[in-house]
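I'll drop the sequence and a predicted model, then ask my questions.
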Amino acid sequence: MGRRKIEIKLIENKSSRQVTFSKRRTGLIEKARQLSVLCESSVAVLVVSASGKLYNSSSGDNMTNIIDRYEIQHAGELRSLDLAEKTRSYLPHNELLESVKRLALRRLFPSSSDQKVFFFLCLLMTMQQP
């Protein structure tokens with residue numbers, strides 16, 4: 001007997017939503033680690049919860065090296081995105097980014113060289129905004 005398919009929609013019950021978030025985040029990070037091992041690749045995962053808590057994981061290489069490679073390969077796209085972002089106003093999204101920045105700068109990226117990586121991750125999160 002197989003698993004039943006679930007409808008992908010917002011989970012209304014906050015407790016159930018938190019449990020689902022935690023389990024799926026763990027599963028996502030485990031799948032990323034498996035991909036890294038099976039295919040000898042470097043994988044970076046960044047997840048920001050609804051409350052603004054930042055979770056990150058990397059396999060095969062450290063997060064800084066993965067982000068640096070991405071930044072080099074997509075430099076042109078990032079420059080045009082930066083210009084487009086300056087012309088838009090995403091106030092709630094920017095507030096979330098600011099709170100994530102403060103938290104991450106204190107906890108995850110204590111050195112100033114790692115802060116460059118974090119600001120790049122914030123830029124990637126901005127790309128996700130519709």
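Structure's in. What do you need?

which other helices and strands contact the longest helix seen in the chain?
If you go by DSSP state H, the chain has its longest helix at helix 14-39. For helix 14-39, the elements it packs on are strand 43-48, strand 54-59, judged by 3 or more CB pairs under 8 Å, 6 or more residues apart in numbering; DSSP states H and E. Where C-beta positions appear, they are placed from N, C-alpha and C, glycine not excepted.

Reformat these as a markdown table; add distance to Ile29 and mean neighbour count.
Compiled in a markdown table, the helices and strands packed on helix 14-39 are given as follows (distance: least, CB to CB, whole Å; neighbours: other CB atoms under 10 Å):
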| stretch | distance to Ile29 | mean neighbour count |
| --- | --- | --- |
| strand 43-48 | 6 | 18 |
| strand 54-59 | 5 | 18 |
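
Just put the ones you listed in a markdown table and tack on distance to Ile6 and mean pLDDT.
Shown next, in a markdown table, are the helices and strands packed on helix 14-39 (distance: least, CB to CB, whole Å; pLDDT from 0 to 100):
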| stretch | distance to Ile6 | mean pLDDT |
| --- | --- | --- |
| strand 43-48 | 20 | 91 |
| strand 54-59 | 23 | 90 |
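
Dump the ones you listed into a markdown table; add distance to Arg17 as well.
Output for the helices and strands packed on helix 14-39, formatted as a markdown table (distance: least, CB to CB, whole Å):
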| stretch | distance to Arg17 |
| --- | --- |
| strand 43-48 | 14 |
| strand 54-59 | 16 |
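
related to what we said a few turns ago, give me the angle between the longest helix of the chain and strand 54-59.
Helix 14-39 runs at 20 degrees relative to strand 54-59, counting by axes from the mean of the first three to the mean of the last three CA atoms, to 10 degrees.
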